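S.K.: only geometry, no sequence info:
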C-alpha cells in the first residue's frame, strides 16, 4: 500500500470528542478536506480553550455536525456513540500550569471522562477507540535517552498524571473487555488556533503587543516541538494503520529546543528585542527535558513535513493576521490567570 493510501482505511463515521480544541480541530479540518471524507460529529464542552471558531472552515460541510456537551455526561455520549463507528478522544484539561492551580478538574475530565467514552465504545463494539495522550506521561527524560512506547509512565504534574490515568483506563478496557484501543503520545504542539496560554502563542501574541515574554527560570527546559498539522496527520494515520493495543509516539524527532531559544526566535520574527524576555519563578516540579523516539510512527509511513523554523514562521504570520481570533481571548479572565501563574523573580518587576 502506498504511503498516502492511509485515508482509505479510516472509519466512515467518527465521534471526535474535544474537536473544538487546538489539536482536535486541526484533526477535524484534515479529515473533512480529504477527497472522500468520513462523517464527523464533534462533541465539545466549549470550556475556556474550546472554540467553535476553530471549526469555521468546515462549519458548512454536510458531513460535519457539532454537539455542545461534556464527555462526563453519559446521557449525552450514548446516542452519539451509537451513531459512530469509532471514538477519537481529544477532550481533556490540558495545561500543566492550570493543573497545578486546580488538579481536580483534570481528574474529572481526563480520567472519568475517558471511562465514560470507553464504556460507550464497549457497548457499541466499535472497531477502534483512539485516545490522544501526551509525551508528558513519561515525565522528565534524562539526556541522551528518547522515550520509547514501552517505557514506564512517570508523570510528575497533575496534568501528566491525569493523562496517564486515562491511558491506564484504556489499557484496562483493552485487556479486560477487548476494547480495540490505540493511544498516541504527542509532543509539545504549536501552530494556528492554539489558545495563547501555551508558550509559543503566548510569546508570539505578547511580542506582537510588545508585552514581556514570561520565561520560567533560566529558560533551559527543553521540549520536542511539533507543528499541529503534522500532529493531526499522525493521529489520523494511527487511526487508519495502527496496531490495536499499541501506543505511538508522535513528535518532531529532532533535538529538543529550550525556552530561551523559543523566546529569541519569536522576538526575531516579530521585531522585538531581548529586553522583552522576563524571567519568572520556575514552575513547581518542572520537567527539564522531553524527547521522543518516533521510530514506530516512521514505520507507519509518517514523518513531519515542517521543520521548527518554517513552522514557527508560519505560526507567527497567522497570529499577525488573525488578531480577530486571539485578541478577544486575551481578556480579563485570561489576565487573571496570567497574574496568578507568573510570579516575577526578585527585582524583575511584575507581569502586566
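M.R.: Alright, I've got the coordinates. The model shown is predicted, which means the values in this text are computed figures rather than measured ones.
S.K.: Any buried residues in stretch 38-49, and which?
M.R.: For stretch 38-49, a neighbour-count test (16 or more other Cβ atoms under 10 Å) marks 38-45, 49 as buried. Any C-beta I mention is one placed from the backbone N, CA and C, and that applies to glycine too.
S.K.: For it, measure first residue to last.
M.R.: 25 Å (Cα to Cα, to the nearest Å).
S.K.: again, but for stretch 240-247
M.R.: Taking Cα to Cα as the measure, stretch 240-247 stretches 14 Å from start to finish.
S.K.: residues in contact with it?
M.R.: By Cβ atoms under 8 Å, 6 or more residues apart in numbering, the residues outside stretch 240-247 that reach it are 6-10, 128, 130, 133, 149, 167, 174, 180-185, 248, 296, 300-301.
S.K.: The longest helix along the chain - contacts with which helices or strands?
M.R.: For the chain, the longest helix by residue count, based on DSSP state H, is helix 158-177. Packing contacts for helix 158-177, counted by 3 or more Cβ pairs under 8 Å, 6 or more residues apart in numbering; DSSP states H and E, involve helix 96-101, helix 103-107, helix 114-124, strand 128-134, strand 181-186.
S.K.: Do a quick rundown of the strands in this structure.
M.R.: Across the chain, reading from the start of the chain, the strands by DSSP state E fall at 13-17, 39-44, 64-68, 86-89, 128-134, 181-186, 188-190, 213-216, 222-223, 225-227, 246-250, 257-258, 277-280.
S.K.: Which of the ones you listed sits closest to residue 266?
M.R.: For those, proximity to residue 266 was assessed by Cβ to Cβ; strand 213-216 is nearest, at 7.2 Å.
S.K.: now the closest one, how far from the chain's geometric center?
M.R.: How far strand 213-216 lies from its chain's middle: 21 Å, per Cα atoms, centre = their mean, to the nearest Å.
S.K.: Adjacent strands (with direction) for that strand?
M.R.: With DSSP bridges as the criterion, the sheet partners recorded for strand 213-216 are strand 277-280 (parallel).
S.K.: for the partner strand, what is the average pLDDT?
M.R.: Strand 277-280 comes out with an average pLDDT of 94.
S.K.: Give me the contacts around stretch 24-33.
M.R.: Contacts made with stretch 24-33 from outside it, assessed by Cβ under 8 Å, 6+ apart, are listed as 10, 14, 16-19, 37-38, 40, 42, 44, 51, 54-55, 57-58, 61, 63-64, 88, 90-91, 132, 191, 193, 228-229, 231-233, 235-236.
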